[in-house]
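>>> Test case, fold it:
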Amino acid sequence: MSIDQKIVAKIANLARIKIPAEEQTHVAGELNNILTWVEQLNEVNVEGVEPLASVNDSSLRTRADVVNDGGIPQDILANAPSSTADFFTVPKVVE
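This next block holds a predicted model:
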């Protein structure tokens, strides 16, 4: 698939980003390079290879799952615009 300036303009509109017309050609070239690289990856033989989440064969240390308030509610609420009785106060959004 080849990406041209028209497709870049459409993608920019959908992503709600502004790409000036003079840069759209450059962005199209960059996106075409990325797609070419992905096509090269599709040619790699991965038959029999297990999926990996990480190349390191290690696991993370676990901690006890304890529910607490952190013991510092006043510090947490210090930057809140509004709070009541150790809780954040927010505007009503449902009528």
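>>> Could you use CA atoms for every contact and neighbour count after this?
OK.
>>> helices and strands of this structure: which one has the lowest mean pLDDT?
helix 73-77 (a mean of 87; mean pLDDT, DSSP states H and E).
>>> ok, residues contacting the helix or strand just after that helix?
Using DSSP states H and E, the helix or strand that follows helix 73-77 in sequence is strand 83-84. Strand 83-84 is contacted from outside by 77, 89, using Cα atoms under 8 Å, 6 or more residues apart in numbering.
>>> cutoff 6 Å now
Strand 83-84 is contacted from outside by Thr89, using Cα atoms under 6 Å, 6 or more residues apart in numbering.
>>> List the pairing partners of the helix or strand following it within its sheet, with orientation.
Remark: after strand 83-84, the chain's next helix or strand is strand 87-88, criterion DSSP H and E. Sheet pairing of strand 87-88 (DSSP bridges) gives strand 83-84 (antiparallel).
>>> circling back: next one: the least confident helix or strand of the chain to chain centre, how far?
Here helix 73-77 shows a centroid-to-chain-centroid distance of 29 Å under the convention Cα atoms, centre = their mean, to the nearest Å.
>>> And for stretch 48-56?
22 Å.
>>> So for that stretch, first residue to last residue, what's the gap.
End-to-end distance of stretch 48-56 (Cα to Cα, to the nearest Å): 19 Å.
>>> tell me the residue furthest from the middle of this protein?
Here the chain reaches farthest from its C-alpha mean at Ala85, the gap being 34.8 Å by Cα atoms, centre = their mean.
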